[in-house]
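1. any chance you could fold what I've pasted below:
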Amino acid sequence: MACPHANVEALLSELQPSEPMLCVWPDRIAAQLRRFQGGFPGEVLYAIKANPLASVLRTLCAAGLRHFDVASIAEIEAVTAIRRDAGLFFHNPVKSRDAIRVSASLPQIHSFAVDHADELAKCMAETDRRDIQIAVRMATQRADAAQDFSTKFGAAPAEAAQILRAAHQAGFACGLTFHVGTQCRNPQAYSDALAACGEIAAVAGVPLASIDVGGGFPAAHEGEIVPPLETYFDAIGRSFRDLHIEGCRLLCEPGRALVAQACAVLVQVVHRRDGRLHINDGVAGSFGELSFLDRRVPARLYRRRGTDVRGVDGEPTTFTLVGPLAFDTRDELPGRYALPADAREGDWILLGELGAYATCLAADFLAYRQPLDATVAEWPWIDARERDHAA
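-> Here you go, the predicted model:
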C-alpha cells in the first residue's frame, strides 16, 4: 500500500486537486474490523459492494480478513486480485446463468444464496459441484431501518423450508441467510430473524451448516443516534445460542459499518452564488446516497495560503452545496452546511462519512469520473468521545 499522506493539508498542498478525491484512513478501517472480529460471536465477511476500492480491500486483507460477500463477477475479480485464497460467498440471491457457471469454476466460492426454487434449479443446472453451500435467503419482518430489502429479496417461511429441503435432497449443504435492512436501529430485529430461522429449520427438517445474519449494522452517521455495535453482537449471540443447532456456523456481512466513517470526499468550490457553493461533484457522482436517504455529513473547509493549504475556521454561515449537472436542479446535497462565511472559489471542502455507497456509485457521466483515492494518516475531526474526554 502506498505511503499515506500525513494529513489532508499535506495531500492538498502536494496534489492541488481540481477533481474530486476520496481520502481513506486505513487505520480506521482496521480498527473497525478488529471491533467486529473481537465482538461478533461468529465469522465476519466484508460486503464489498459497500466499497470495492483496492486500497480498502488491501487494508482489510492486511488486517486478517479472509472471507467476503460478493455480488458479481467483477467483485470476485477485485477480491481475488488481492487475496487469492479468499473465501467467497456469492450471496446475491438472483444471478445470471453465466455468473453461476463462471463463479462455480473457482475454488474460492463457498456459498450461493437463493430465494426461489427457480434460482436453485439454475444453480443445479449450471454446476455439478455439491461442495458449494446453498444459503436460502428468507424475508424478514420490516424493522426500524433506512431501507427494507425484504420487499425485493427473500422467501416467505414456508417457501424457504421447501427450498431448503430441495437443496438438501440435491446433495448440497444448506444454510439460511437474511438481511434486516440497511442502517437497522433495532438489535431486536436480528433476534426476531434468528428465531424465524429456527422455526424454518424445524419445518424443513434439514441440518443447517450456517446462519448468515447479513449486514444492516448501522454506522453512527452525523445526527443519527444508533445503539453501539456491541448491543447487536450481544443480541445475536444470545439468540443464536437459544437455537441449539449443533455444527452450525454463524456469519455476518458488514459493509457500511466497517468502512463508512473511514473515508471522506474532497471537492473543490468552483463558484459561489449568494448562499450556494457550486462544487465539482454531485448526486450523479459521490453523493447519490445522501440524496436518496436525505443524509447530512460533517464538512470542513481548506484554503491555499501561498504554497501550503490549511484548514479554515472562522465565523460560519450556512450554505447549500450544489453539484455540477447543468440540467437538473435536484443536483444538490440535502440540508445546509455550516462553513466559514468567506468560503470562495478555489477552496476545498472535505465531506466525511462517505466510505460506503459513495464513490463506488459514481457514474462516468458528462465526463464526471469516479474520484481517485489517496490514503491519509492523521484524522481531521475530533470524535465526539474524544471531544468529551478533552473537555
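
2. doesn't residue 123 belong to a helix?
-> Yes - Residue 123 forms part of a helix when assessed by DSSP: H, G, I helix; E, B strand; the rest coil.

3. contacts only, for it.
-> 100, 104, 112, 114, 132, 134 (Cβ atoms under 8 Å, 6 or more residues apart in numbering). C-beta coordinates here come from the backbone N, C-alpha and C atoms, glycine included.

4. tell me the one of these nearest residue 93?
-> Distance to residue 93, by Cβ to Cβ, is smallest for residue 114 among the contacts of residue 123, at 5.8 Å.

5. could you find the closest non-adjacent residue to the closest one?
-> residue 120 (4.8 Å; Cβ to Cβ, 6 or more residues apart in numbering).

6. now do residue 117
-> residue 163 (5.9 Å).

7. the one you found reaches residue 118, doesn't it?
-> No - using Cβ atoms under 8 Å, residue 163 is not in contact with residue 118; the gap is 10.0 Å.

8. partners of residue 88 in the sheet?
-> Assessed by DSSP bridges, residue 88 has beta-bridge partners residue 68, residue 109.

9. so how far is residue 108 from it?
-> 5 Å (Cβ to Cβ, to the nearest Å).

10. pull the most distant pair out of the contacts of residue 123.
-> 104 and 114, at 13.2 Å, using Cβ to Cβ across the contacts of residue 123.

11. give me the element residue 28 is part of.
-> Residue 28 belongs to helix 26-39 when assigned by DSSP states H and E.

12. need the contact partners of that helix.
-> Identification of contacts with helix 26-39 by Cβ under 8 Å, 6+ apart yields 1, 4, 44, 46, 55-56, 59-60, 62-65, 229-230, 233, 252, 254, 257-259, 261-262, 355, 375, 377, 379.

13. just the buried ones from the residues you listed?
-> Burial by neighbour count, 16 or more other Cβ atoms under 10 Å: within the contacts of helix 26-39 this picks out 4, 44, 46, 55-56, 59-60, 63, 65, 229, 233, 252, 254, 257-259, 261-262, 355, 375, 379.

14. need the three-state assignment for the residue nearest to residue 117.
-> Classified using three-state DSSP, residue 163 is helix.

15. wait, what's in contact with it?
-> Shown in contact with residue 163 (Cβ under 8 Å, 6+ apart): 114, 115, 116, 117, 120, 134, 136, 155.

16. dump the residue contacts of the second one.
-> Neighbour list for residue 115: 93, 94, 136, 137, 138, 139, 153, 154, 155, 160, 163 [criterion: Cβ under 8 Å, 6+ apart].

17. model confidence score at the closest residue to the first one other than its chain neighbours, please.
-> Nearest non-adjacent residue to residue 93, counting by Cβ to Cβ, 6+ apart: residue 115, 4.2 Å away. With respect to pLDDT, residue 115 scores 97.

18. who has more neighbours out of residue 104 and residue 114?
-> The neighbour comparison of residue 104 against residue 114 (other Cβ atoms under 10 Å) goes to residue 114, with 27 against 17.

19. and that one, how close does it get to residue 175?
-> 11 Å.

20. mind listing the shared neighbours of these two?
-> 134, 135, 136.

21. closest one to residue 12 out of the residues you listed, please.
-> Distance to residue 12, by Cβ to Cβ, is smallest for residue 135 among the shared contacts of residue 114 and residue 175, at 45.1 Å.
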